[in-house]
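Novice: pasted the sequence and its predicted model underneath.
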Amino acid sequence: MIEATSLTKRYGARTAVDSVDFVVRPGQVTGFLGPNGAGKSTTMRMIVGLDRPSAGRVTVNGKPYAEHHSPLREVGALLDAKAVHTGRSARNHLRAIAATHGIRSGRVDQVIELTGLQSVAGKRVGGFSLGMGQRLGLAAALLGDPATLILDEPVNGLDPEGVLWVRGFVRQLAAEGRTVLLSSHLMSEMALTADHIIVLGKGRVVADATVAEIVGSTHTFVRVRSPRIDEVARRIAQADVTVTSVESDTIEVRGLSADVIGDAALAIGVALHELTTVQGSLEEAYMQLTRDEVEYRTTVGSGLAQAEGVAR
C-alpha cells in the first residue's frame with residue numbers, strides 16, 4: 001500500500017505538489033493521471049525517495065521508502081527506462097542490480113522470460129529500441145518480486161502487441177494482491193487497465209475514485225436518427241429533457257432513456273433508423289476534470305491551432 005498525507009514539494013517559490021492525500025491499495029491497478037506539470041512525476045519520485053518532501057509524508061507498506069532494509073524487494077519502479085548502462089547487455093544490467101540487493105541470479109533469468117527479453121538478453125542495451133528499453137525497465141522493477149509497483153508510462157514505445165501484453169501483465173500483478181500505481185497519457189488504455197483513478201491538477205488531487213465513478217460523471221445521451229426526426233423531437237419535448245439537433249435527421253437527447261424514446265416514436269408511427277445510448281468516456285471525463293489545470297492549451301483560430309500560454 002502507498003499512503004500520502006499532506007504531501008508537499010516546493011521548488012523555491014513554485015509548489016509542484018500541494019498538500020496531497022491519497023491511498024493506493026493492493027489488489028487493484030490505480031491509474032495516476034494529470035496534465036504535464038501537474039506533479040505526477042514529482043510525486044512518484046517522492047514515493048521512491050528520489051525527492052524529499054517539503055512537508056507531509058508518503059509511506060510504502062507502512063514505512064518511508066528509505067527506511068526499508070531492501071527497498072527493491074518492497075517496491076519495483078519504472079520511472080526512466082533510459083537510466084541504464086548502455087554498454088552492458090540486458091542480462092548483465094539486471095545481474096548488476098540484483099547483486100546490490102542480494103537477489104539470486106536465477107531471478108534474473110525469470111524476469112527476462114516474464115518480460116519477453118530472451119532473444120535480446122545478450123545484446124547491448126545501447127542498441128535497444130524504445131519498446132525493448134521499456135521491457136527491460138519492467139524486468140528491473142520485478143527483480144525483487146516486490147509487493148508494490150510504480151510504473152511511469154510503461155507502454156511508451158510499445159507496439160500494439162506489447163501494449164496488450166502490459167495491460168494483461170499489470171492486471172495479473174494486481175490480481176496477485178500487489179499494489180500497482182500506473183501513469184499513462186493513453187486514456188483509452190487506462191480505461192481498459194485501471195480499476196481506480198487518481199487525477200492531479202496543478203499539484204492537487206482533483207479526482208480520486210473508481211473508473212466507473214469517474215466515467216459516470218460525464219453526460220450520457222441518446223443519439224436518434226429518423227427521416228421524421230422533428231416529429232420525434234416534438235413528441236419527447238418536456239421541461240427536463242434536452243434535445244440537440246446534430247444533423248437534419250439526427251438529434252441527441254439528454255434526460256430520457258432509449259427505451260422511452262423508442263416507445264414514443266412507436267406511439268406516433270415513426271420509424272427510427274438509429275437509437276444509440278452513448279456513454280461518456282474516461283477521456284471525456286479527464287478533459288472535464290483538467291480543463292482548468294493545464295499549463296498550455298490550444299485554441300483554433302483562422303484554421304490554425306495556436307498555442308495559448310496560461311501562466312500558473
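Specialist: Cool, got the structure.
Novice: how near is Val270 to Arg254?
Specialist: For Val270, the distance to Arg254 (C-beta to C-beta, to the nearest Å) stands at 20 Å. No exception for glycine: its C-beta is placed from N, CA and C like everyone else's.
Novice: settle it for me: which of the two has more neighbours?
Specialist: More crowded of Val270 and Arg254, by other C-beta atoms under 10 Å: Val270, with 16 against 13.
Novice: how about the helices in this structure?
Specialist: Secondary structure of the chain, counting by DSSP state H: helices at 40-47, 71-74, 90-100, 105-114, 130-142, 160-175, 187-193, 211-216, 229-236, 258-267, 282-290.
Novice: list the contacts of Arg254.
Specialist: Going by C-beta atoms under 8 Å, 6 or more residues apart in numbering, Arg254 touches 219-222, 241-242, 244.
Novice: what about 7 Å?
Specialist: Each residue near Arg254 by C-beta atoms under 7 Å, 6 or more residues apart in numbering is listed here: 219, 221, 242.
Novice: equivalent analysis for Gln28, please.
Specialist: 174, 195-196.
Novice: let me know the closest of those to Thr42.
Specialist: Among the contacts of Gln28, His196 lies closest to Thr42 (C-beta to C-beta), at 20.6 Å.
Novice: my read: that closest one touches Thr30, true?
Specialist: Yes - between His196 and Thr30 there is a contact under C-beta atoms under 7 Å: 4.6 Å.
Novice: now the common contact residues for the two.
Specialist: In contact with both His196 and Thr30: no residue, using C-beta under 7 Å, 6+ apart.
Novice: next, count neighbours for Pro35.
Specialist: Neighbour count for Pro35, taken as other C-beta under 10 Å: 23.
Novice: do you know how far Leu94 is from Val111?
Specialist: According to C-beta to C-beta, Leu94 and Val111 sit 7 Å apart.
Novice: ok so, going back, possible to save the helices of the chain as a markdown table with distance to Ser54 and mean pLDDT?
Specialist: Converted to a markdown table, those look like this (distance: least, C-beta to C-beta, whole Å; pLDDT from 0 to 100):
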| stretch | distance to Ser54 | mean pLDDT |
| --- | --- | --- |
| helix 40-47 | 10 | 95 |
| helix 71-74 | 22 | 91 |
| helix 90-100 | 29 | 94 |
| helix 105-114 | 35 | 94 |
| helix 130-142 | 27 | 91 |
| helix 160-175 | 31 | 91 |
| helix 187-193 | 29 | 90 |
| helix 211-216 | 29 | 87 |
| helix 229-236 | 56 | 97 |
| helix 258-267 | 52 | 97 |
| helix 282-290 | 24 | 85 |
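Novice: wait, which of these is closest to Gly122?
Specialist: Among the helices of the chain, helix 90-100 comes nearest to Gly122, with 6.2 Å by C-beta to C-beta.
Novice: buried set for that closest one?
Specialist: 90-95, 97-98 (16 or more other C-beta atoms under 10 Å).
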